[in-house]
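S.K.: Kindly generate the corresponding structure for this input.
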Amino acid sequence: MHSAHRWTGRLVGTVGAALMVAGPVMLLRGRQGRREIRTELAAQRIRFPDHGLPAHLAPLAGQGVETGPHAHAYAELIKSHLARATDGRTYAEITEELHAAGDDDEKLAQLRQTAFMGETLRGSLLSAYQAWHLTALVTGLGCALTGLE
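M.R.: Coordinates of the predicted model:
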């Protein structure tokens, strides 16, 4: 029984030391990740239009997309524009229509290109939004672990 207590003590000490290191590292990486996301989004120079935004996005008029929540809002704006441009059809649906038309309908080909570009940009912005949340999680865990020290 005595060796079991010693082994448990070593294990707890090792885990404690690992947590003492992990907390500050997670805080640092969370903050670095957030800075990287801001830098990459700012480099794209995406701005909300000055006018014509839906009411819930009106406060963002003229602002740059530099945060995860802004990336999400802009992705939703793209979604609404795509829905209007494609009559609610997706890239895959338009591609099926193009193939059914013998692949020689120029209007459908252009619409497919529009859908592809819009959905690609939207996906990239949503990835930035997800990464933004991950940095919050990592930073929060880092705070919690650092507080346990």
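S.K.: any idea how far Thr139 is from Arg34?
M.R.: From Arg34 across to Thr139, the span is 7 Å (C-beta to C-beta, to the nearest Å). Every C-beta, even on glycine, is put in place using the N, C-alpha and C of the backbone.
S.K.: shared neighbours of those two, anything?
M.R.: Common contact partners of Arg34 and Thr139 (C-beta atoms under 8 Å, 6 or more residues apart in numbering): none.
S.K.: Any idea which helix or strand in this protein has the lowest mean pLDDT?
M.R.: None of the helices or strands of the chain scores lower by mean pLDDT, DSSP states H and E than helix 2-43, at a mean of 87.
S.K.: any residues touching whatever helix or strand comes next after that helix, and which ones?
M.R.: The helix or strand immediately downstream of helix 2-43 is helix 68-86, counting by DSSP states H and E. Applying C-beta under 8 Å, 6+ apart, the contact partners of helix 68-86 are 37, 41, 46, 48, 53-54, 57, 60, 63-65, 94, 111, 114-115, 118-119, 121-122, 125-126, 128-133.
S.K.: and the angle from helix 68-86 to helix 2-43?
M.R.: Here the directions of helix 68-86 and helix 2-43 differ by 50 degrees (axes from the mean of the first three to the mean of the last three C-alpha atoms, to 10 degrees).
S.K.: distance between the next helix or strand after helix 68-86 and the chain's centre?
M.R.: Using DSSP H and E, the next helix or strand after helix 68-86 towards the C-terminus is helix 91-100. Centroid displacement of helix 91-100 relative to its chain, using C-alpha atoms, centre = their mean, to the nearest Å, is 28 Å.
S.K.: buried set for helix 91-100?
M.R.: For helix 91-100, burial by neighbour count (16 or more other C-beta atoms under 10 Å) applies to 91, 94-95, 98.
S.K.: Ok, stretch 115-123 next?
M.R.: Quick answer for stretch 115-123 (16+ other C-beta under 10 Å): 115, 118-119, 121-122.
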